[in-house]
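A.B. asks: Structural data only, the sequence is not supplied:
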């Protein structure tokens, strides 16, 4: 990776793109430190656990905090992050399959994709407004809004003005992040939205490392002594092994051999060569985990908004309890949702019938398989197996931190003879998959751009 970046800096055009991308990412991090007006920013961080140590609740706030690099923790203008855009992209992908008009737009080429991208932007703004409004009401209910000189909450016109400013700042922050990501795609090295997500997650790594290895008992686990003395280094080693495992998983692929027949066009002969169709083992990337995490965070979020209205001994309180990461039912549902969304995302990405028709139109065949329906069935069977394998592999990464948290809780309960909170790294699997996946994809893009310039120079 470092060698690829060093080689890219030797090319003037790529060097400008890298520096431009770095500037955009710097702007993103600066915006993540600018607070929104009319928020009590000193106490706003109490809404979300402070980093790894206290982030034990599985609600949308901790999930959003992870995606924004603690921006939501301090009520900044980028507190909503890029999640509204991710959600709108997911919605548009689903609607493209369900609505024929959008499906026709997608098949119209570049112009159709531009129209879908424009619709996605409007949906993003709508989701950002709804999400910002919901958080405004929650913050107000918790008493974390700024007050007047007499210590009273703003009412009347000033109260409405306060609400509009907060909602507009959060929404404008999301729109600005979306624009910054598009600028990276147009003038930078590409993969803009993913890089912004990457930087946001990376920004939390110092907090994570300090929580694992700090000798101060008020900050990190290691300073608390007892079982933490060996659990903290063990957690660090596990993270390194998970990174190696994700790299291995991301590079895995199944190659379907294709043999093209010879054909003569004029005086030239074409075809007669063997090639393959590469299918990645982890074809859906981190999307199934994001889908599953978003859905599982909804019940705790609803509970968060209705906490004062639900009795502790009610059945609803029991229902919401199973969606906490400390419950074994949560891990099972999480696992099943990842498998289901992996199959769903694969069905959107690959169409076996269309792949079979493309192979036949180019006078190609899969050795030992007849063209047409048998080829489509063969591809469908391979896709099913690969999807299951890839889903199981990413499920291990997603579920293992949850299991580790539960095991450490049992160990600490036995050692301290009291109720203890284990080392909460439940969101670590999702973070590592996103970070490693984006890093590998960015390096591949840079390598492909260097390859294109190499061939252009050779032909010139």
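C.D. replies: Noted; the coordinates are in hand. None of these values were measured; they are calculated from a predicted model.
A.B. asks: Which elements pack onto the lengthiest helix in the chain?
C.D. replies: The longest helix of the chain (DSSP state H) is helix 373-416. For helix 373-416, the packing partners by 3 or more CB pairs under 8 Å, 6 or more residues apart in numbering; DSSP states H and E come out as helix 228-251, strand 253-260, strand 274-280, helix 287-296, helix 328-349, helix 352-361, helix 428-459. Glycine gets a C-beta too; all of them are placed from N, C-alpha and C.
A.B. asks: rerun at 6 Å
C.D. replies: Judged by 3 or more CB pairs under 6 Å, 6 or more residues apart in numbering; DSSP states H and E, helix 373-416 is in contact with helix 228-251, helix 328-349, helix 352-361, helix 428-459.
A.B. asks: between the last one and helix 228-251, how big is the angle?
C.D. replies: Right, helix 428-459. If you take axes from the mean of the first three to the mean of the last three CA atoms, to 10 degrees, helix 428-459 sits at 40 degrees to helix 228-251.
A.B. asks: which parts of helix 428-459 are buried?
C.D. replies: 428-439, 441-443, 446, 449 (16 or more other CB atoms under 10 Å).
A.B. asks: which non-adjacent residue is nearest residue 199?
C.D. replies: residue 25 (5.0 Å; CB to CB, 6 or more residues apart in numbering).
A.B. asks: What count of nearby residues applies to residue 137?
C.D. replies: 12 (other CB atoms under 10 Å).
A.B. asks: brain fart, residue 234
C.D. replies: Counted with other CB under 10 Å, residue 234 comes out at 15.
A.B. asks: repeat for residue 414
C.D. replies: 10.
A.B. asks: next one: residue 172
C.D. replies: Residue 172, neighbours per other CB under 10 Å, totals 17.
A.B. asks: Can you name the helix or strand that it falls in?
C.D. replies: Using DSSP states H and E, residue 172 maps to helix 156-187.
A.B. asks: list the buried ones in that helix?
C.D. replies: 162-163, 166-167, 169-175, 177-178, 180-181, 183-184.
A.B. asks: do the same with stretch 109-117
C.D. replies: residue 116.
A.B. asks: again, but for stretch 395-409
C.D. replies: Within stretch 395-409, the residues that count as buried by 16+ other CB under 10 Å are 395, 397-402, 404-406, 408-409.
A.B. asks: Show the residue spans covered by the helices in the stretch 1-150 of the chain.
C.D. replies: 2-9, 12-31, 41-44, 51-54, 60-68, 83-98, 100-106, 110-142 (DSSP state H, counting those that start in this stretch).
A.B. asks: Give me the distance from stretch 168-179 to the chain's centre.
C.D. replies: Distance of stretch 168-179 from its chain centroid, counting by CA atoms, centre = their mean, to the nearest Å, is 18 Å.
A.B. asks: Show the model's pLDDT score for residue 417.
C.D. replies: For residue 417, the model assigns a pLDDT of 57.
A.B. asks: if we can go back for a sec, can you add mean pLDDT and distance to residue 318 and give the helices of the stretch 1-150 of the chain back as a markdown table?
C.D. replies: What follows is the helices of the stretch 1-150 of the chain, written out as a markdown table (pLDDT from 0 to 100; distance: least, CB to CB, whole Å):
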| stretch | mean pLDDT | distance to residue 318 |
| --- | --- | --- |
| helix 2-9 | 74 | 52 |
| helix 12-31 | 89 | 41 |
| helix 41-44 | 64 | 31 |
| helix 51-54 | 35 | 24 |
| helix 60-68 | 71 | 21 |
| helix 83-98 | 81 | 29 |
| helix 100-106 | 81 | 41 |
| helix 110-142 | 85 | 23 |
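A.B. asks: Nearest to residue 202, out of the ones you listed?
C.D. replies: Among the helices of the stretch 1-150 of the chain, helix 12-31 comes nearest to residue 202, with 9.9 Å by CB to CB.
A.B. asks: Which residues does that closest one contact?
C.D. replies: Here helix 12-31 makes contact (CB atoms under 6 Å, 6 or more residues apart in numbering) with 8-9, 77-78, 180, 183-184, 187-189, 196, 199.
A.B. asks: Now flag whichever of those is closest to residue 70.
C.D. replies: Minimum distance to residue 70 across those is 10.5 Å, recorded for residue 78 (CB to CB).
A.B. asks: which helices and strands does the following helix or strand past the helix holding residue 172 pack with?
C.D. replies: Per DSSP H and E, the first helix or strand lying C-terminal to helix 156-187 is helix 192-202. Contact partners of helix 192-202 among helices and strands, from 3+ CB pairs under 6 Å, 6+ apart: helix 156-187, helix 428-459.
A.B. asks: and with 7 Å instead?
C.D. replies: helix 12-31, helix 60-68, helix 156-187, helix 428-459 (3 or more CB pairs under 7 Å, 6 or more residues apart in numbering; DSSP states H and E).
A.B. asks: Can you get me the centre-to-centre distance for the first one and its chain?
C.D. replies: Read it as helix 12-31. On CA atoms, centre = their mean, the centre of helix 12-31 falls 21 Å from the chain's centre.
A.B. asks: go on, the third one?
C.D. replies: Relative to the centre of its chain, helix 156-187 is centred 21 Å away, using CA atoms, centre = their mean.
A.B. asks: and the angle for that helix with helix 83-98?
C.D. replies: Orientation check (the same axes, to 10 degrees): helix 156-187 against helix 83-98 gives 70 degrees.
A.B. asks: cool, and the last one?
C.D. replies: For helix 428-459 against helix 83-98, the angle between stretch directions is 70 degrees (the same axes, to 10 degrees).
A.B. asks: List the contacts of stretch 123-142.
C.D. replies: With contact meaning CB atoms under 7 Å, 6 or more residues apart in numbering, stretch 123-142 is reached by 39, 47, 80, 84-85, 87-88, 91-92, 145, 163, 166-167, 170-171, 174-175, 178, 305.
A.B. asks: Can you pull out the low-pLDDT segments for the stretch 351-460 of the chain?
C.D. replies: The model of the stretch 351-460 of the chain has pLDDT under 70 over residues 416-429, 453-460.
A.B. asks: Off-centre distance for the longest helix of the chain?
C.D. replies: With CA atoms, centre = their mean, you get 17 Å for helix 373-416.
A.B. asks: what angle separates that helix from helix 428-459?
C.D. replies: Helix 373-416 runs at 140 degrees relative to helix 428-459, counting by the same axes, to 10 degrees.
A.B. asks: ok, now how distant is residue 174 from residue 316?
C.D. replies: Distance, residue 174 to residue 316, by CB to CB, to the nearest Å: 32 Å.
A.B. asks: Over to residue 167?
C.D. replies: From residue 167 across to residue 316, the span is 29 Å (CB to CB).
A.B. asks: Likewise for residue 100?
C.D. replies: Distance from residue 100 to residue 316, counting by CB to CB: 40 Å.
A.B. asks: ok, those two, which is more surrounded?
C.D. replies: Between residue 100 and residue 316, counted using other CB under 10 Å, residue 316 has the larger neighbour count: 14 against 9.
A.B. asks: List phi and psi for that one.
C.D. replies: Per-residue torsions, residue 316: phi -70, psi -40 (degrees, to the nearest 10).
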